[in-house]
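**Q** Just the structure for this:
(one chain, ligands or ions: 1)
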Amino acid sequence: MKQSEYLKILSLSKRTLEEYLNWGEIEIPKMPIDKRSSKEESVKTFSKKKQPESVLSPKEMLETLKRTIDSCKECSLGNSRLNAVIGVGSPTADLMFVGEGPGFDEDHKGEPFVGKAGQLLTKIIEAMGYTRENVYITNIVKCHPMIDPINPEKRSNDRPPTPLEMETCKHYLDEQIKIIKPKIIITLGASSAKCLLYSEESISKIRGVVKEYKGIKLMATYHPAALLRNPSLKKFVWDDMKRVMHYLDTGEI
Ligand code: SF4
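**A** So this is what the prediction gives:
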């Protein structure tokens, strides 16, 4: 073979490899298949760019993600928030709670579910035999959706996130799920359930039914704020949580 032909083949191979590396994620798991058993291990991080891979723990990966979210302005909520509210709890939690977005108290404190509804959620978590520290709590959107965005100090200024805001921010939640690898996700309220399940059904119809999101079991239930308004809903939430506990204990649902 002539030298010029060798060089042509070499150049083609190089270009193909470069295109492959530029496309999506290239996953090189440290341990095969059983994610649960390798959960406490450090895991490889993936990059869409041609950068050397680094080995980070789930905690370190969440910290890196936090730095990105702290400076995010991908949607207009980033212009009015006081604090981006990323999440709280264990980076290797089996149980992940997902609400719709931070409210006044959460925006001021930088932590999800710290107001009255949050206190009720903490009671539910403790009744299940867990603590806020060994589950993970987050929201679909990480910044406070406000009725009047120029006045973050105003009370009763909360509103649900729009579908566009949720769609824009959801990739951060996906990243959190990928890092934490929970056994089950519990969505709280209609907005988060509809967003993750692409459903238009009312929360009363979709709650208590086990679905999946990205291969992970998902249980939708009522938002704690709804229980504060209507305590008769507590029974339904507790029924849902009993099913979740049974799943965590036995692997069956
Ligand atoms: S809500 Fe999400 S997408 Fe919008 S600015 Fe905040 S972190 Fe970024």
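**Q** Against which helices or strands is the host helix or strand of Ile69 packed?
**A** Assessed by DSSP states H and E, Ile69 sits inside helix 58-70. Applying 3 or more Cβ pairs under 8 Å, 6 or more residues apart in numbering; DSSP states H and E, one finds that helix 58-70 contacts helix 163-180. No exception for glycine: its C-beta is placed from N, CA and C like everyone else's.
**Q** residue ranges with poor pLDDT in the stretch 1-150 of the chain?
**A** 1-54 (pLDDT under 70).
**Q** what's near enough to touch the one residue in it that gets nearest to the ligand?
**A** At 2.8 Å from the ligand, Gly78 is the closest residue in the stretch 1-150 of the chain, using Cβ to the nearest ligand atom. By Cβ atoms under 8 Å, 6 or more residues apart in numbering, Gly78 lies in contact with 72, 84, 143.
**Q** and the first one, how many neighbours?
**A** So that's Cys72. Cys72: 17 surrounding residues under other Cβ atoms under 10 Å.
**Q** Thought Lys142 was touching it, still the case?
**A** Yes: counting by Cβ atoms under 8 Å, Cys72 touches Lys142, with 7.3 Å between them.
**Q** who touches both of these two?
**A** Counting by Cβ under 8 Å, 6+ apart, the residues touching both Cys72 and Lys142 are 84, 172.
**Q** I'd like the distance between the nearest residue to Val209 once chain neighbours are set aside and Ile124.
**A** For Val209, ignoring the flanking residues on the chain, the nearest one in space by Cβ to Cβ, 6 or more residues apart in numbering is Ala220 at 7.1 Å. Remark: distance between Ala220 and Ile124 (Cβ to Cβ, to the nearest Å) = 15 Å.
**Q** Show me which of these two is the more surrounded one.
**A** A side-by-side neighbour count of Ala220 and Ile124, using other Cβ under 10 Å, places Ala220 first with 27 against 20.
**Q** quick one: the host helix or strand of the more buried one to chain centroid distance?
**A** Assigning secondary structure by DSSP H and E places Ala220 in strand 216-221. Mean-position distance between strand 216-221 and its chain equals 12 Å (Cα atoms, centre = their mean, to the nearest Å).
**Q** Mind giving me the packing neighbours of it?
**A** Using 3+ Cβ pairs under 8 Å, 6+ apart, the elements in contact with strand 216-221 are strand 184-188, helix 190-197, strand 210-213, helix 234-250.
**Q** got CSV for those, with mean pLDDT, distance to the ligand and mean neighbour count too?
**A** Converted to CSV, the helices and strands packed on strand 216-221 look like this (pLDDT from 0 to 100; distance: least, Cβ to the nearest ligand atom, whole Å; neighbours: other Cβ atoms under 10 Å):
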stretch, mean pLDDT, distance to the ligand, mean neighbour count
strand 184-188, 98, 17, 25
helix 190-197, 96, 13, 24
strand 210-213, 96, 18, 15
helix 234-250, 97, 26, 15
